[in-house]
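Q: Below are the sequence and a predicted model for it; my questions follow.
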Amino acid sequence: MTKLLLTTPCNFGLEAIVNREITNLGYEIAKTIDGRVDFYGDELAIARSNIGLRTAERVLLKVGEFEAVTFEQLYEKTKAFAWGDFIPVDAEFPVARAHSLKSTLYSTPDIQAIVKKAVVEKLKIKYKQDWFAETGVRYPIHVFANKDIFNLYIDTSGDNLHKRGYRQNSNLAPIKETLAAAMVDLTPWHWDRFLIDPMCGSGTIVIEAALKGLNIAPGINRSFAAEQWGFIGKGKWDTAREEFKSQEKRDRQFLVQGYDIDPHALNNARQNAQLAGVEKHIHFQQRDIRDLQSSDKYGFIVTNPPYGERLEDKKSVELLYKEMGVAMGRLDTWSYSIITSHPDFEKLFGRKADKRRKLYNGMIKTTLFQYLGPKPPKRVPEEINK
């Protein structure tokens, strides 16, 4: 086993949740900064973190870090790293992504070209050949520069981790799966409590809740770039999948609920839930937010309503928020978590939130407004099935 430094980029505002997830997997945190958590792991950690993390966007293998203010420095310092320890002779190794923020070297196409040239020259020395066909397994290289500090990575994930594989059908402006999972995680919801998304759209929030309730790893049914990497080996991925499958609780009996006024959206949600394998644990129903009601107590509402980003939608969204305040006010023992970018949400909803958390939904700066209901009566230990 090799001690590796791994990096998990995440949405701004979710760093603490990602940190906790990584710690729960048993790995040591190296550093947490805005939009990123670094941790130490081995080859198996690459598989386990890709399959098991609910709120991270990727898992990157960190190759090195240095300061550079000239392209010559960028070239020489990139070339100094042992790229051949990871990249085999027949690999495809594009510099797939480059970002530069407040750095002297700001041209990302030039950064990509210089890094590519440096890696090629280092591999020429390693493999004693002058040309690489790049017909083999893909090892995407990522470059991030911030204030002249460059970080070089190899992307182990491939597609972003929010792409679980179940959302084949989406509506307009769907919430990312990682953010939906975080919204559920930021509540004290437990699988034997009630949970409703009254504007569920394509079903992402309730599907993520059901996956969590059944303890199904989010990446269990998808593939990753590093599955074909020789230095990790297929056995590590098999071991990780077997571990996560052994921890599933598919016999739990619970039902989360997703409502929407749009029958087309509900049809998409049902299909997505089926692809995720959680359709038996979600009840979808066509229902207007004004008709929201429940005889159950101490439940949770977690929802991503329209934001009114377009001017023509603003009035209808503001009316919706007022109707939400009335409807949810009837559920006086429930807790609500509502994400929106609208600056006057609390005023329209008719109540100040107990907690506010700044989050990003894609590139949109939003706030998660949380309204905390009363705690339910304590249950006797026999009632709690962990």
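A: Great, that's in hand.

Q: mind listing the strands for the stretch 201-350 of the chain?
A: 256-260, 282-286, 300-303, 335-340 (DSSP state E, counting those that start in this stretch).

Q: Let's have those in CSV, adding mean neighbour count.
A: Just so you know, the C-beta spots here come from the backbone N, C-alpha and C atoms, and that holds for glycine as well. Converted to CSV, the strands of the stretch 201-350 of the chain look like this (neighbours: other CB atoms under 10 Å):
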stretch, mean neighbour count
strand 256-260, 26
strand 282-286, 17
strand 300-303, 24
strand 335-340, 24
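
Q: Out of the ones you listed, flag the one nearest Lys322.
A: Closest approach to Lys322 among the strands of the stretch 201-350 of the chain (CB to CB): strand 335-340, 13.1 Å.

Q: Could you say which helix or strand holds Tyr360?
A: strand 355-361 (DSSP states H and E).

Q: now that strand: mean pLDDT?
A: Averaging pLDDT along strand 355-361 yields 94.

Q: For the stretch 101-250 of the chain, just list every one of the helices.
A: Here the stretch 101-250 of the chain has its helices, by DSSP state H, counting those that start in this stretch, at 108-127, 177-185, 204-213, 234-246.

Q: could you check the angle strand 256-260 makes with the third one?
A: When you say that, I think you mean helix 204-213. 170 degrees (axes from the mean of the first three to the mean of the last three CA atoms, to 10 degrees).

Q: Run through who's touching helix 204-213.
A: The contact list for helix 204-213 (CB atoms under 8 Å, 6 or more residues apart in numbering) reads 54, 166-167, 174-177, 180-181, 183-185, 189, 191, 195, 197, 200, 218, 249, 252, 254, 256-258, 269, 272-273, 276, 278, 281-282, 302-304.

Q: Kindly recompute the last result at 6 Å.
A: 175, 177, 180-181, 184, 191, 195, 197, 200, 254, 256, 258, 273, 276, 278, 281-282, 302 (CB atoms under 6 Å, 6 or more residues apart in numbering).

Q: One more: stretch 336-352?
A: Applying CB under 6 Å, 6+ apart, the contact partners of stretch 336-352 are 183, 187, 301-304, 307-308, 318, 321-322, 325, 328, 353, 364, 366, 368-371.

Q: rerun at 7 Å
A: 183, 186-187, 301-305, 307-309, 317-318, 321-322, 324-325, 328, 353, 359, 361, 364-371 (CB atoms under 7 Å, 6 or more residues apart in numbering).

Q: circling back: so what are the sheet partners of the strand holding Tyr360 and their directions?
A: strand 364-371 (antiparallel) (DSSP bridges).

Q: For the strand it pairs with, which residues meet the burial criterion?
A: By 16 or more other CB atoms under 10 Å, the buried positions in strand 364-371 come out as 366-371.

Q: how about low-confidence regions in the stretch 101-250 of the chain?
A: 173 (pLDDT under 70).

Q: ok, now with 80
A: Along the stretch 101-250 of the chain, the parts satisfying pLDDT under 80 run over 169-173.

Q: Mind splitting this structure into its structural domains?
A: 4-155, 177-217+229-376 (automatic domain parsing).

Q: got the buried residues for the helix or strand Arg20 falls within?
A: Element membership for Arg20, per DSSP H and E: helix 15-24. Going by neighbour count (16+ other CB under 10 Å), the buried part of helix 15-24 is 15, 17-19, 21-22.
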